[in-house]
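Engineer: give me a 3D structure for the following:
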Amino acid sequence: MPPKPKHRDVAEFLSRLRNFFLGRTHKTALRFADTVSPRTQPPPDIPQGPSQNLFANYYYSRDPRSSVRPAVDVVQEHKQMLAAKEKAEEAAKAAQAKTGQGPKDECPPECEDVDAEECEQEEDSCAKKLPTPGKVHSWEGPH
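Structural biologist: Sure thing, here's the model as predicted:
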């Protein structure tokens, strides 16, 4: 049997003094190879995946660097959207002027018996409303 290795600890005098004040023999929290149980389990046998291949490795398709895009300027996007909407409205007005049709001021036929103000309110309620951010999905139904 090989000689027992000397473990790190304080000097002999300090060790006895410490044991006296503790009222017991001090048990160190340090772990040494000769005091730890041996490892009995075999090394892991992990199957090789597609990343282990030298060729036909699909790493390039899941590389996150390719999905990085420049930051989106929300204000600029909103300005472009408003400009496009204004341009579309101008084009619609120009098309109406060419055909001779004026803007549509009357109510739809289902609103004939209702006054114009209520008709406009109904049209507004029929328009598709965008969801409020954070409340995209609501289980409680429309509000």
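
Engineer: show me where the chain has its helices.
Structural biologist: Secondary structure of the chain (DSSP state H): helices located at 12-22, 74-99, 116-126.

Engineer: columns distance to P47 and mean pLDDT on top of the ones you listed, output as JSON lines?
Structural biologist: No exception for glycine: its C-beta is placed from N, CA and C like everyone else's. Below are these laid out as JSON lines (distance: least, Cβ to Cβ, whole Å; pLDDT from 0 to 100):
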{"stretch": "helix 12-22", "distance to P47": "51", "mean pLDDT": "96"}
{"stretch": "helix 74-99", "distance to P47": "46", "mean pLDDT": "92"}
{"stretch": "helix 116-126", "distance to P47": "59", "mean pLDDT": "54"}
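
Engineer: any chance of those helices in TSV with distance to P64 as columns?
Structural biologist: Formatted as TSV, the helices of the chain follow (distance: least, Cβ to Cβ, whole Å):
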stretch	distance to P64
helix 12-22	55
helix 74-99	23
helix 116-126	44
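
Engineer: so which of the ones you listed gets nearest Q48?
Structural biologist: Nearest of the helices of the chain to Q48, taken as Cβ to Cβ: helix 74-99 at 45.6 Å.
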